[in-house]
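1. the following block contains a protein sequence and its predicted model.
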Amino acid sequence: MLTAFARAFRTPDLRKKLLFTLGIMVLFRLGAHIPVPGVDFQAVKYCVNATNTSGLFGLVNLFSGGALLQLTIFALGIMPYITASIILQLLTVVIPRLEALKKEGQAGTAKITQYTRYLTIGLAVLQATGLVATARSGQLFSGCNRATEIVPDTSMFRIVTMVIVMTSGTSVIMWLGELITDRGIGNGMSILMFLSIAAGFPGALWAIKKQGTIGDGWVEFFAVCAVGLAMVALVVFVEQAQRRIPVQYAKRMIGRRAYGGTSTYIPLKVNQAGVIPVIFASSLLYIPALLVQFSGSNAGWANWIRANFVKGDHPYYIITYFLLIVFFAFFYVAISFNPEEVADNMKKYGGFIPGIRAGRPTAEYLSYVLNRITWPGSLYLGLIALVPTVALVLFNANQNFPFGGTSILIIVGVGLETVKQIESQLQQRNYEGFLR
């Protein structure tokens, strides 16, 4: 990987793209430290240091690089765009108009992207309004005695200004991500997501060192680093694993020319769903805690939820979280990969799987193979996502454990894809002649 980056910097046009991407990343991190007008930053800083920040808003705070709980202009981070993209992807299966747009090629994709932008702005307004209302009521930091001082001016003009600034920050993030995609290296939104998560690693590791008791904390520090490296190796191994189904195309005569007769394969990844099931399961499990927090009820159902679904280390929470990840892994694979459509396309162009008849038998075979490899993929996702819970028991520092399931999956996935893009562009610019 380091060799690829060194070769890229020696290529002038690639060097410009890399420097442009690094410049956008610097701007993104700068915006994550500029407070929203009307926020008492000293009170925010006091509450961040005095309370556990891994509770209800932990997932959104992770995707914003810590900007959510600091109430900066980029507080919402990339999360509204991720949510909008997932919603549009799910609606494509349900709404025929969106499905027709998806099949129209580049023009349809541009239209869906435009819908995603509009939905992102709408979700940003809703999330910014909820975040400002939560901060104004003092519920953003439960247990902090200065939580009600975060928003000193509660006038309507000030609240509207804060919502507009946060929504504008989300629009700027969306624009920066598209700039990276067009003029930089890699997928812009993925790069910004990678940067948001990686920004919290140094502080989290140093906090584990300070909280440690064995060898002045260095034993815990190196133990967590070793666990992190092992997890990275496991994630790389599984993310690269795939089942290659061979496909043979028959020769066809069109005029005087023969087409086809080639052999290829369909790559089915073991983790076909990526990190989406973990995000779905985490978001769904936040809903009961969110209802209890905003209702303030002391009824029996509210106390049961507080005891079993808020801390994250209760057996009910762990089992539910694991089962939801497995369910959403199968659900997302079912809506993102259509065996019947793949089989019809293969039949249309004269392709077939050796030993399998074209048409319906091919679709049934693809569905069978996909279900077989989704099981280990979903179990792997569930085990990776439960690592922070194990860290809570072993290190008693769940809020500072950086190698959580969502973060490590995103960082490794984005890193691998970016390096692949750099290597592919390097191969396009380095041709070997016949004579050496």
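-> Thanks, I have it. Quick caveat: nothing in here was measured; it's all calculated off a predicted structure.

2. what residues sit buried inside stretch 303-322?
-> The neighbour-count check on stretch 303-322 (16 or more other Cβ atoms under 10 Å) flags 305, 306, 309, 310, 312, 317, 318, 320, 321, 322 as buried. Every residue, glycine included, has its C-beta placed from N, CA and C.

3. element containing the second one, please.
-> In this case it means residue 306. Assigning secondary structure by DSSP states H and E places residue 306 in helix 300-309.

4. for the nearest residue to residue 108 once chain neighbours are set aside, give me its contacts.
-> In this structure, residue 108 finds its nearest non-sequential neighbour in residue 101, 3.8 Å apart by Cβ to Cβ, 6 or more residues apart in numbering. Shown in contact with residue 101 (Cβ atoms under 8 Å, 6 or more residues apart in numbering): 108, 109, 111, 112.

5. max pairwise distance over those: which two?
-> Spanning the widest gap among the contacts of residue 101 are 109 and 111, at 7.3 Å by Cβ to Cβ.

6. comparing the two, which residue is more hemmed in?
-> Using other Cβ atoms under 10 Å as the criterion, residue 109 and residue 111 rank with residue 111 on top: 15 against 12.

7. got the contact list for the more buried one?
-> So residue 111 contacts 101, 104 (Cβ under 8 Å, 6+ apart).

8. 6 Å instead, please
-> Residues in contact with residue 111, defined by Cβ atoms under 6 Å, 6 or more residues apart in numbering, are residue 101.

9. please shift the residue numbers so they start at 7 in all later answers.
-> I'll keep to 7 as the first residue from here, and by that count the last item is residue 117.

10. and it, what element?
-> Assigned by DSSP H and E, residue 117 falls in helix 112-143.

11. how close does the residue nearest to residue 114 get to residue 306?
-> Distance of residue 107 to residue 306, given as Cβ to Cβ, to the nearest Å: 48 Å.

12. and residue 418, by the same measure?
-> For residue 418, the distance to residue 306 - Cβ to Cβ - is 43 Å.

13. ok, the two, which is more surrounded?
-> A count of neighbours by other Cβ under 10 Å puts residue 418 above the other of residue 418 and residue 306, at 21 against 8.

14. please name the nearest non-neighbouring residue to that one.
-> Distances taken as Cβ to Cβ, 6+ apart place residue 241 nearest to residue 418, at 4.5 Å, with adjacent residues excluded.

15. now name the helix or strand holding that neighbour.
-> Taking DSSP H and E as the criterion, residue 241 maps to helix 224-246.

16. which residues touch stretch 119-139?
-> 82, 86-87, 89-91, 94, 165, 168-169, 172-173, 176.

17. go ahead and build a ChimeraX selection from the buried members of those.
-> ChimeraX command restricting the contacts of stretch 119-139 to the buried ones, with burial defined by 16+ other Cβ under 10 Å:
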select :82,86,87,89,90,91,94,165,168,169,172,173,176
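
18. so which of the contacts of stretch 119-139 comes closest to residue 269?
-> Comparing the contacts of stretch 119-139 against residue 269 with Cβ to Cβ picks out residue 91 as the nearest, at 34.8 Å.

19. can you show me the CA trace of the next helix or strand after the helix holding residue 241 as CSV?
-> Next helix or strand after helix 224-246 toward the C-terminus (DSSP H and E): strand 248-255. C-alpha atoms of strand 248-255 as CSV (Å, rounded to 0.1, in the frame of the first residue of the first chain):
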residue,chain,number,x,y,z
GLN,A,248,-15.6,-14.3,-2.5
ARG,A,249,-17.2,-17.2,-4.3
ARG,A,250,-16.5,-17.1,-8.0
ILE,A,251,-19.2,-18.7,-10.0
PRO,A,252,-17.9,-19.6,-13.5
VAL,A,253,-19.9,-18.3,-16.5
GLN,A,254,-19.3,-19.4,-20.1
TYR,A,255,-20.6,-17.4,-23.1
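
20. coming back round to it: can you give me the angle the following helix or strand past the helix holding residue 312 makes with helix 306-315?
-> Next helix or strand after helix 306-315 toward the C-terminus (DSSP H and E): helix 321-342. Here helix 321-342 points in a direction 80 degrees away from that of helix 306-315 (axes from the mean of the first three to the mean of the last three Cα atoms, to 10 degrees).
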